[in-house]
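A.B. asks: Please work out how this folds:
(one chain, ligands or ions: 1)
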Amino acid sequence: MQVNGKPYRTIWPTADHAVEIIDQTRLPHEFVTVRLENMRDAERAIRDMWVRGAPLIGVTAAYGVALSMRHHASDAALEASCGVLLAARPTAVNLRWGVERMRAFLAPLPEAERAEAAWREAARIADEDVEINASIGRHGAELFRAMREAKQRDGRSGVVNVLTHCNAGWLATVDWGTALAPIYAAFDAGIPLHVWVDETRPRNQGASLTAWELGQHGVPHTVIVDNAGGHLMQHGLVDMVIVGTDRVTARGDVCNKIGTYLKALAAHDNGVPFYVALPTPTVDWTLQDGVQEIPIEERAPEEVTHISGLCEDGQVRTVQVTPQGARAANYGFDVTPARLVTGLITERGVVKANAGAMEALK
Ligand SMILES: CSC[C@H]1O[C@H](OP(=O)(O)O)[C@H](O)[C@@H]1O
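C.D. replies: Numbers count the residues shown, from 1 in each chain. Next up is the predicted model:
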């Protein structure tokens, strides 16, 4: 996508074999890029959420392995770097997918060939992500076309109102995004639409990142508090919900940012279609029951007790929003059962969230 008219990806290799990323913790008020020089830089970028979003986490980890191989390419170094990167965040299956793909690709190679081969494979994974997400966009845009036609047949406004939670835009991937890819594709195709953007506490990926992305692309949008979605659905102001995901089980249970499950319940109660956009590597075929089996990351309580923002003097500061000493729990994700999911928008098309239909994704 573009930033102030200049094409960007979220991560790119440099001529001197470093990796540059957009530091997403500085958005929306500052656009800052950071160089990752070694595997530890990549691990920290993932752990501290300079980069976030399941597909981008996987690609960053793949580059982390490649950065490691430039310094030490032994079997022991390969195993050690994979172990460190896997431990950076537990929920997005793409992290494990990216690391395992690099490990399987490199292990059979002679040590002397691993550094250059790793660099090429990480770049391939990044380029594949872009192609996958563009395809998700094309398939998902057809849902907007169908929704617009249905509304016109009913004599209603032709504007498609879509609600999204967290950030599953191009900032969560290498480019295009997953949940936002259909929105960009439909918007670019001239389909009138408007996006309700859940702020997504506690880190406000919606208010800070999705709103920034949509503003950069000129997509009409309104930021809302997380708890407003059900009210909007009850009043017919939401035509569909599209979210991303960090892991989908073989039976179609969907793990995504905390609060997604509540949106799915409200959508189900109001007859609003609830779609999940994902690249097929996000499916974890080893799991069935998402609620019982998917590890849910718990992050620092300070992400709940404090909030950052732009002050009137132009400085970005962090302030405490809870009483001194108040305890806080910070669960990063929840799981939406497949029964609440209308469809999975993938690079291979839209499929039902059930084991039978998902066979087509293998
Ligand atoms: C396309 S994956 C986006 C997914 O990742 C986000 O989590 P985080 O910002 O903590 O990495 C959130 O779950 C999004 O839906």
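
A.B. asks: For the ligand, what's its nearest residue on the stretch 1-150 of the chain.
C.D. replies: When you check the stretch 1-150 of the chain against the ligand by CB to the nearest ligand atom, the closest residue turns out to be residue 52, at 3.3 Å. Heads up, the C-betas are built off the backbone N, CA and C, glycines and all.

A.B. asks: List the contacts of that residue.
C.D. replies: For residue 52, the contacting residues are 24, 46, 167, 171, 172, 205, by CB atoms under 8 Å, 6 or more residues apart in numbering.

A.B. asks: Can you say which of these are also within reach of the ligand?
C.D. replies: The subset of these lying close to the ligand, counting by CB under 6 Å from any ligand atom, consists of 172, 205.

A.B. asks: so can I have TSV of the contacts of residue 52 showing distance to residue 284 and neighbour count?
C.D. replies: Putting the contacts of residue 52 into TSV (distance: CB to CB, whole Å; neighbours: other CB atoms under 10 Å) gives the following:
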residue	distance to residue 284	neighbour count
24	24	24
46	18	23
167	21	31
171	23	25
172	18	30
205	22	27
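
A.B. asks: Could you list every helix and strand that the helix or strand hosting residue 55 packs against?
C.D. replies: Element membership for residue 55, per DSSP states H and E: helix 54-71. Counting contacts by 3 or more CB pairs under 8 Å, 6 or more residues apart in numbering; DSSP states H and E, helix 54-71 is packed against strand 11-13, strand 19-22, strand 33-36, helix 39-47, helix 75-86, helix 93-106, helix 111-153.

A.B. asks: what is the rounded mean pLDDT of the first one?
C.D. replies: Mean pLDDT, computed over strand 11-13, is 96.

A.B. asks: same check, this time on the second one
C.D. replies: Per-residue pLDDT values over strand 19-22 give a mean of 97.

A.B. asks: If the closest residue to residue 343 other than its chain neighbours is in a bridge, with which residues?
C.D. replies: Distance criterion CB to CB, 6 or more residues apart in numbering; nearest residue to residue 343, sequence neighbours excluded, is residue 350 at 4.8 Å. Residue 350 has the following beta-bridge partners by DSSP bridges: residue 345.

A.B. asks: List the ones among the contacts of residue 52 that fall in strands.
C.D. replies: The strands, defined by DSSP state E, take in nothing from these.
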